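>>> Just a sequence and a predicted model for now, questions to come.
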Amino acid sequence: MHPAKDTDWNYNEIDASLPNSSHALALGMVGHNKKVLELGCAGGHVTRALNKQGCRVTGIEIDPESAMRAKAFADEVITADLCDLSWADKLEPEEFDVVLAGDVLEHLSVPHRVLRACRALLKPSGTLVVSLPNIAHVDARLALLQGRFDYRPWGLLDDSHLRFYTKESAHLLVSDAGFVPVETARVIVPVFDSEVDLDRDAVSSEVLDKVLGDPEAETYQFVISAVLDTGDVAVHSLSARNAELGEQLMLERTRTAILGAEVHELRHRLAVAEAECRELLNTKTFRYLAPLRRLYGELRGQK
């Protein structure tokens, strides 16, 4: 399963044990036996996975048909537009352990207002879990360098995305809504391996090395866990420490990515050389010179 496809939240089977899946990372952050508010629950695919973890789920879904399907797995599904905050009035304050917004905020015109409305619905010890795509992924950057920004039905350049995020702007969205990010996990997609169409041969090794110098270059999605910002110094300290450790991890991944790119370049050059060699071996001139090469070899052997 490709980690980028927004509709994967709705239709594909979720394997909660996968190490590089936004679904699995989010489910792990939600935990077991929690009361969950799921924003944009669609047809209830993630809702069903939450059920398997013993969670009770209330879903918000704009599409009536999808909402009907989701009711098979949820305690309640409210059919509403998330940007019309009247849905929040139907819920009790401090009712939920977790608010889950998986691949949904980038589709909203006012995501910050939606997250602020969720603050009052979370218990004081509650958690916000958000999944957002990284528009600064290396493939998107390289496409821009080639003068392209081609929308697609899904992925980084989903034609229904109204917002685009980097790590900094994703954290700012969460912080401005009154939360403190305490954990940021990443879904990694190597260079040239996303759905973004690129002319690989047009990318020089110098440009590739420069772009891969960003530790987040191969981050495809951010999955963020956050808690209510109550001004607690210890929580802010924990957030800063987790960010520092995350940066160190990403630096190591960047070094690995650069080495991988160098190996890819060497393999490409080797393939070109082998193709040129085969082309030479198949030329008439090379075959016609075969007797002369044999004679030359014999003369050298007589010395």
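Noted; the coordinates are in hand.

>>> Give me the secondary structure label for Asn33.
What DSSP: H, G, I helix; E, B strand; the rest coil gives for Asn33 is coil.

>>> swap that for Leu37, please
Leu37 - assigned by three-state DSSP - is strand.

>>> Test my guess that Met29 contacts Val223.
Yes. Counting by Cβ atoms under 8 Å, Met29 touches Val223, with 6.8 Å between them. (C-beta placed from N, C-alpha, C; glycine too.)

>>> overlap in contacts of the two?
Val129, Ala185 (Cβ atoms under 8 Å, 6 or more residues apart in numbering).

>>> Give me the more crowded residue out of those two.
Val223 (25 against 21; other Cβ atoms under 10 Å).

>>> and that one, what does it touch?
Here Val223 is in contact with Ser22, Leu25, Ala26, Met29, Val129, Val130, Ser131, Thr184, Ala185, Arg186, Val187 (Cβ under 8 Å, 6+ apart).

>>> centroid residue for this structure?
Centroid check for the chain by Cα atoms, centre = their mean gives Gln221 as the closest residue, at 2.0 Å.

>>> and it, which of the three is it?
Gln221 is classified as strand under three-state DSSP.

>>> what is it paired to in the beta sheet?
In this entry, Gln221 is beta-bridged to Pro133, Val187, by DSSP bridges.

>>> which stretches of the chain form helices?
22-30, 45-52, 64-70, 111-119, 138-145, 167-176, 205-211, 233-281, 284-288, 290-302 (DSSP state H).

>>> And the second one, how far out from the chain middle?
This means helix 45-52. 20 Å (Cα atoms, centre = their mean, to the nearest Å).

>>> how about it: buried residues?
For helix 45-52, the buried set under the neighbour-count rule, 16 or more other Cβ atoms under 10 Å, comprises His45, Val46, Thr47, Arg48, Ala49, Leu50, Asn51.

>>> The first one against Asn51, yeah?
Put plainly, it is His45. No. Counting by Cβ under 8 Å, His45 stays clear of Asn51, with 10.9 Å between them.

>>> quick one, what contacts the residue lying closest to Glu76 once chain neighbours are set aside?
In space, and not counting its chain neighbours, Glu76 is closest to Thr58: 4.7 Å by Cβ to Cβ, 6 or more residues apart in numbering. Residues counted as contacts of Thr58 (Cβ under 8 Å, 6+ apart) are Lys35, Val36, Leu37, Glu38, Ala74, Asp75, Glu76, Val77, Ile78, Leu91, Phe96.

>>> To what extent is Ser109 buried, counted in neighbours?
Ser109, neighbours per other Cβ under 10 Å, totals 10.

>>> from memory it sits against Asp81, does it?
No. Taking contacts as Cβ under 8 Å, Ser109 lies outside contact range of Asp81: 10.0 Å.

>>> Point out where the stretch 201-303 of the chain drops to low pLDDT.
Scanning the stretch 201-303 of the chain for pLDDT under 70 picks out 232-262, 264-265, 280-281, 283-303.
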